[in-house]
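Student: what shape does this take:
(chains A and B)
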Amino acid sequence: SQQGEEDPQALSIQEGENATMNCSYKTSINNLQWYRQNSGRGLVHLILIRSNEREKHSGRLRVTLDTSKKSSSLLITASRAADTASYFCCGGSNYKLTFGKGTLLTVNP
Amino acid sequence: DVKVTQSSRYLVKRTGEKVFLECVQDMDHENMFWYRQDPGLGLRLIYFSYDVKMKEKGDIPEGYSVSREKKERFSLILESASTNQTSMYLCASSLSSSWAYEQYFGPGTRLTVT
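Tutor: This is a model prediction of the structure:
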C-alpha cells in the first residue's frame, strides 16, 4: 500500500528558481515527512509536519499539508545545485512510514 | 548525531547463497527497519522491529528473514539469494513511540546476485 505518491516524477530548474513538489496519500496519517536522497546514498530527513499542522518552515523549505485533500507540497526556495537529489514524501502512522517513488529534482547551475 | 551503519556498501553474491546484511545504530532507538529500493518502485518495507526479538512483516517479506538479538543491531537474511533480490538495501532506525518519528538511514548496501 503506497502512502505517498510524488508529482512530478522529475523536475529540472535553474539555480535560484523555486522548486515545488507535490505528494498525495491514501489513508489517515499521524504525520507526513519529506526526505532527500543524493545519488546512491541513504535518505536524509528534511521535515516532519503533523496532521494538525497546515504549514511548516525550515530554512529554505516550506511544507504544507491539506488533510482534507490528503495532499502535501514541498517548496524549496532559491534552489542551489546542491539541492539536486530525489525527494520522497511518506505518510507516518504508528511505527511505520510508507514511501512514495520520489521526485528527481535537477538544479542546473 | 544518530549514526546508522551498514556492514557493506557493495556486495556480490551467487544465486543460492545465504546472505547476511548487518545494520547497527548507536542512539538506543527501539525501532529498526529494512527497505529495498528499486528504480521506478521507490522504497519498499521488508521487515521492521520495534523491540529486541520482535519483528513484523512489511510489504515485501517473501524471501527474507530478520534477526534482532540486541537492541542496536538488526540483520536482514536472504536464505537463498536469487537474482530478483539484486537491489539497494537500506536500513533505518527511529525512536519508539505510537507516532511515527523521523527515520535515520544508513548509507545503503548495493547487493548484486549473479
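
Student: helix, strand or coil for A:A82?
Tutor: Under DSSP: H, G, I helix; E, B strand; the rest coil, the three-state class of A:A82 is helix.

Student: next, the contact list for it, please.
Tutor: Neighbour list for A:A82: A:V107 [criterion: Cβ atoms under 8 Å, 6 or more residues apart in numbering or on different chains]. C-beta here means a position set from N, CA and C on the backbone, and glycine is covered the same way.

Student: for it, report the pLDDT, please.
Tutor: A:A82 is assigned a pLDDT of 94 by the prediction.

Student: distance of it from chain B?
Tutor: Remark: distance between A:A82 and chain B (Cβ to the nearest Cβ, to the nearest Å) = 18 Å.

Student: please apply the same query to A:S28.
Tutor: 12 Å.

Student: make sure that residue is actually in contact with A:S93.
Tutor: Yes. Applying Cβ atoms under 8 Å as the test, A:S28 and A:S93 come out as touching, 6.9 Å apart.

Student: which of those two has more residues huddled nearby?
Tutor: A:S93 (17 against 10; other Cβ atoms under 10 Å in any protein chain shown).

Student: I figured that one was touching A:K26, is that so?
Tutor: No. The pair A:S93 / A:K26 is not scored as a contact, 11.5 Å apart, by Cβ under 8 Å.

Student: show the subsequent helix or strand relative to the lowest-mean-pLDDT helix or strand in chain A.
Tutor: Of all helical and strand segments in chain A, the minimum by mean pLDDT, DSSP states H and E falls on strand A:96-99, at a mean of 76. Later in the chain than strand A:96-99, the nearest helix or strand by DSSP states H and E is strand A:103-108.

Student: for that next one, packing partners?
Tutor: Using 3 or more Cβ pairs under 8 Å, 6 or more residues apart in numbering or on different chains; DSSP states H and E, the elements in contact with strand A:103-108 are strand A:10-14, strand A:19-24, strand A:85-93.

Student: please redo it, this time with the cut-off set to 6 Å
Tutor: Packing contacts for strand A:103-108, counted by 3 or more Cβ pairs under 6 Å, 6 or more residues apart in numbering or on different chains; DSSP states H and E, involve strand A:10-14, strand A:85-93.

Student: how far off strand A:85-93 does the strand of greatest length in chain B point, in degrees?
Tutor: Counting by DSSP state E, the longest strand found in chain B is strand B:42-51. If you take axes from the mean of the first three to the mean of the last three Cα atoms, to 10 degrees, strand B:42-51 sits at 40 degrees to strand A:85-93.

Student: just for the chain, where's the confidence low?
Tutor: In the absence of a named chain, chain A is used. Within chain A, the ranges that satisfy pLDDT under 70 run A:1-4, A:94-96.

Student: wait, I meant chain B there
Tutor: By pLDDT under 70, the low-scoring segments of chain B are B:1-2, B:96-100.

Student: now do the strands in chain B.
Tutor: Here chain B has its strands, by DSSP E, at B:4-6, B:10-13, B:19-25, B:31-38, B:42-51, B:54-57, B:65-70, B:73-78, B:87-94, B:104-105, B:109-113.

Student: for A:V44, find the nearest of those strands.
Tutor: Evaluated with Cβ to Cβ, the strands of chain B place strand B:104-105 nearest to A:V44, the distance being 7.3 Å.
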